[in-house]
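[1] Quick one, what's the 3D model for this:
(one chain, ligands or ions: 1)
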Amino acid sequence: MCGIVGYIGEQEAYPILIKGLHRLEYRGYDSAGVSMINAKHDLNIYKATGKVAALEDKCAAEDTTGNIGIAHTRWATHGEPNTVNAHPHRSQSGNLSLVHNGIIENYKTLRTKLENEGYTFCSDTDTEVLVQLIEYTQKSQQCDLFTAVQRALKHVVGAYAIAILEKENPDQLVCARKGSPLVIGVGTDARGHKEFYLGSDATPIVEYTKQVVYLKDEEIALMDRSGKLEIINLSNVHQTPEMHILSLSLDELEKGGYPHFMLKEIWEQPNALRTCIRGRIHVQAKDVLLSGITDHKEKFLNARRIIICACGTSWHSALIGKYFIEEAAQIPVEVEYASEFRYRNPVIYPDDIVIAVSQSGETADTLAAIQLGEQKGAFLYGICNVIGSSIARATQSGTYIHVGPEIGVASTKAFTGQVTTLCLIGLAIAKEKHTLSDEMYHMLIDELQTIPDKIQWTLENNQGIDQFAQMFTYCRNFLFLGRGYNYPVALEGALKLKEISYIHAEGYPAAEMKHGPIALVDEEMPCVFIAPKRGMYDKVVSNIQEIKSRKGKIISVVTEGDKIVSDMSDYTFVIPDTRDCFVPLLAVIPLQLLSYYVATAKGRNVDQPRNLAKSVTVE
Ligand code: M6R
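    So this is what the prediction gives:
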């Protein structure tokens with residue numbers, strides 16, 4: 001989704017802004033823009049459709065000087081992606097420029113009011129309304145920009161993160177947030193001058209400073225060239241900036257020799273999961289230690305039900321979590337699409353636990369789902385990757401998955417991190433509830449610790465997928481089939497393939513296939529079966545037979561050494577043996593590689609697939 005970068009200090013702003021926009025490219029966007037105030041007090045704005053590189057080309061012959069500036073990547077919501085609709089937007093007098101992430105719900109009403117006051121608009125966006133409203137407030141109430149922003153935002157309904165420049169005052173940068181994140185970096189330049197960086201996440205900031213302030217909802221910040229940082233909220237109360245230290249490193253944001261972030265992140269999974277597990281398992285005692293659960297032990301012991309809300313890949317990991325928590329901890333678990341849950345007046349009891357699963361921690365629907373849980377008095381738990389994200393802050397307890405930044409739009413290591421975390425949570429609750437025998441509890445903990453090595457084995461023993469994938473670039477459809485714990489893996493395999501290769505794919509419970517989808521099967525249809533020698537193996541073998549007799553192409557994920565399914569298949573991927581509940585952590589690996597290699601063979605932009613955004617901050 002949209003990204004914001006800002007800078008005020010003694011350095012030239014433009015190179016910092018452009019680098020920051022490149023760092024934010026992973027979020028997905030369709031146009032970009034930048035605005036600086038030069039030494040002559042000109043407020044320059046340049047915009048381009050397409051990639052940041054196109055903006056750089058456009059700026060090459062322009063005046064990009066100035067040591068204060070804002071920049072933006074736009075993912076179109078209101079109005080098509082063109083240079084008029086791209087940000088920054090300029091106010092009518094030309095005194096202000098503004099960038100915005102989020103959606104202003106009452107923009108039509110505000111626009112009509114401003115038109116009645118003589119304001120005209122050149123774009124189709126809700127954002128232009130904001131910049132005109134702030135200018136109107138500033139002029140009509142004769143106040144400074146900081147005050148005008150605070151007063152104007154009281155009339156705004158919706159979500160926003162904004163940054164504003166004022167031509168007449170190049171010594172101050174103002175920003176504000178509600179429902180869309182903003183991070184302020186506080187740095188010191190080579191000559192010891194204090195400087196401020198701004199980002200819609202920490203990625204454009206981390207190479208300059210580790211000291212950050214996460215702006216809270218309904219806060220407005222003023223960054224002054226003198227080094228002063230002032231924060232006020234919509235209710236006019238001054239706030240003390242809370243300083244945090246970033247744990248993110250620059251290396252984590254770079255490709256490290258891999259052609260794409262997605263491939264890097266697939267191969268990072270063994271180490272990512274070691275980090276995810278580290279400190280949560282007491283190796284000698286064979287015990288799970290999750291403070292997020294033990295600190296709220298009573299809530300989990302008395303929970304009537306767990307409701308997990310999530311979207312996309314996170315929804316798939318939640319489904320695996322449901323199977324595991326129900327089996328291990330004997331608590332009913334419901335898994336909900338956050339976007340459906342939030343609007344359908346669901347029954348939520350005060351003794352329910354609502355868990356939000358979200359890699360970014362910023363997904364608008366998931367955030368709204370937990371807010372609904374909060375209104376009904378449920379206990380809120382977050383499973384996020386991004387430290388300090390909105391969902392992590394909005395929940396009463398939680399567990400970070402700690403898999404490091406995920407830059408590729410297609411979620412890979414976050415999926416396995418979420419599944420691992422949900423398994424740890426299931427084990428932690430089971431321990432409190434005594435729903436597993438000691439023997440089973442210790443055996444599952446032992447087995448979970450072997451998973452990183454088994455993923456490494458899986459990566460190393462399925463190296464031919466790049467060649468094999470070439471054969472499937474012509475395909476228009478794919479079916480992914482699995483049962484039990486592997487049904488969500490089938491869903492995830494299908495989502496991965498469709499989002500980055502643009503091949504239509506469906507995931508299905510293998511036994512459901514004969515109730516409809518089997519009609520699609522012919523010699524052109526690749527059917528991917530997740531068929532480990534575990535659980536419902538014999539049943540899956542029968543399902544494969546049904547497809548084979550209709551001449552479908554069989555691709556299977558099998559346990560190392562399996563002969564029966566391998567012999568029935570046109571191609572097999574191998575995984576080591578593990579407990580049923582942990583098979584998804586291994587079986588998903590070849591499916592991630594398959595989608596990656598099919599997509600790259602088709603020449604797709606796997607890290608930034610069309611129309612998709614990394615964190616979906618609009619509903
Ligand atoms: O940040 P979240 O986990 O809340 O994001 C949810 C989905 O938008 C995300 O998983 C999406 O489906 C990915 N592109 C899948 O690869």
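[2] Now do the same for Val357: helix, strand or coil?
    strand (DSSP: H, G, I helix; E, B strand; the rest coil).
[3] thought it was touching Ala392?
    No. Contact between Val357 and Ala392 fails when scored by Cβ atoms under 8 Å: they sit 11.8 Å apart. Heads up, the C-betas are built off the backbone N, CA and C, glycines and all.
[4] residues in contact with the residue in the stretch 201-350 of the chain that the ligand sits nearest to?
    Per Cβ to the nearest ligand atom, Gly312 is where the stretch 201-350 of the chain lies closest to the ligand, at 2.0 Å. By Cβ atoms under 8 Å, 6 or more residues apart in numbering, the contact set of Gly312 is 411, 495.
[5] domain parsing for the chain?
    Using automatic domain parsing, the domain parsing of the chain gives 3-253, 261-460, 465-601.
[6] With mean pLDDT as extra columns, can I get those domains in CSV?
    Converted to CSV, those look like this (pLDDT from 0 to 100):
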stretch, mean pLDDT
domain 3-253, 94
domain 261-460, 95
domain 465-601, 93
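[7] and the residue of the stretch 51-200 of the chain found nearest the ligand, how many residues sit next to it?
    Closest to the ligand within the stretch 51-200 of the chain is Pro181: 12.2 Å, counting by Cβ to the nearest ligand atom. As a burial measure, Pro181 scores 27 neighbours (other Cβ atoms under 10 Å).
[8] Leu367 now?
    A count of nearby residues for Leu367, using other Cβ under 10 Å, gives 26.
[9] next one: Leu43
    With other Cβ under 10 Å as criterion, Leu43 counts 23.
[10] surely it meets Ser91?
    No. In this structure, Leu43 is not within contact of Ser91 by Cβ under 8 Å, at 9.6 Å.
[11] Can you check which residues contact both of those two?
    Ser97.
[12] what sits against Leu319?
    With contacts defined as Cβ under 8 Å, 6+ apart, Leu319 is in contact with 335, 487-488, 491.
[13] Check which residues of stretch 554-574 are buried.
    With burial defined by 16 or more other Cβ atoms under 10 Å, the residues of stretch 554-574 counted as buried are 554-559, 562, 565, 568-569, 571-574.
[14] In TSV, list those along with secondary structure and distance to Thr83.
    Putting those into TSV (DSSP: H, G, I helix; E, B strand; the rest coil; distance: Cβ to Cβ, whole Å) gives the following:
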residue	secondary structure	distance to Thr83
Ile554	strand	50
Ile555	strand	45
Ser556	strand	50
Val557	strand	47
Val558	strand	52
Thr559	strand	55
Asp562	coil	56
Val565	helix	55
Met568	helix	56
Ser569	coil	51
Tyr571	strand	47
Thr572	strand	51
Phe573	strand	46
Val574	strand	51
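[15] Quickly name whichever of those is closest to Lys286.
    Among the buried residues of stretch 554-574, Thr559 lies closest to Lys286 (Cβ to Cβ), at 25.1 Å.
[16] Neighbour count: Val357 and Ala392, which is higher?
    Legend: neighbour count by other Cβ under 10 Å for Val357 and Ala392, higher for Val357 (31 against 20).
[17] Please tell me how far that one sits from Leu424.
    Shown here: Val357 relative to Leu424, a distance of 13 Å by Cβ to Cβ, to the nearest Å.
[18] again, but for Ser542
    Distance from Ser542 to Leu424, by Cβ to Cβ: 34 Å.
[19] Those two: who's more crowded?
    The neighbour comparison of Ser542 against Leu424 (other Cβ under 10 Å) goes to Leu424, with 24 against 11.
[20] Correct me if wrong: the more buried one contacts Arg280.
    Yes. Counting by Cβ under 8 Å, Arg280 is a contact partner of Leu424 at 5.4 Å.
[21] overlap in contacts of the two?
    Between them, Leu424 and Arg280 share the contacting residues 288, 290, 399, judged by Cβ under 8 Å, 6+ apart.
[22] Can you flag the buried ones in those residues?
    By 16+ other Cβ under 10 Å, the shared contacts of Leu424 and Arg280 give 288, 290, 399 as buried.
[23] So which of those is the closest to Ser35?
    Taking Cβ to Cβ as the measure, Ser35 lies nearest Thr399 of those, at 40.2 Å.
[24] on that earlier part again, let me see the contact set for the residue of the stretch 51-200 of the chain closest to the ligand.
    161, 200-201, 214-215, 362, 389-390.
[25] swap the cut-off to 6 Å and go again
    Neighbouring residues of Pro181 by Cβ atoms under 6 Å, 6 or more residues apart in numbering: 362, 390.
[26] So it versus Ala338, what's the distance?
    17 Å.
[27] and what of Phe529?
    Counting by Cβ to Cβ, the gap from Phe529 to Ala338 is 30 Å.
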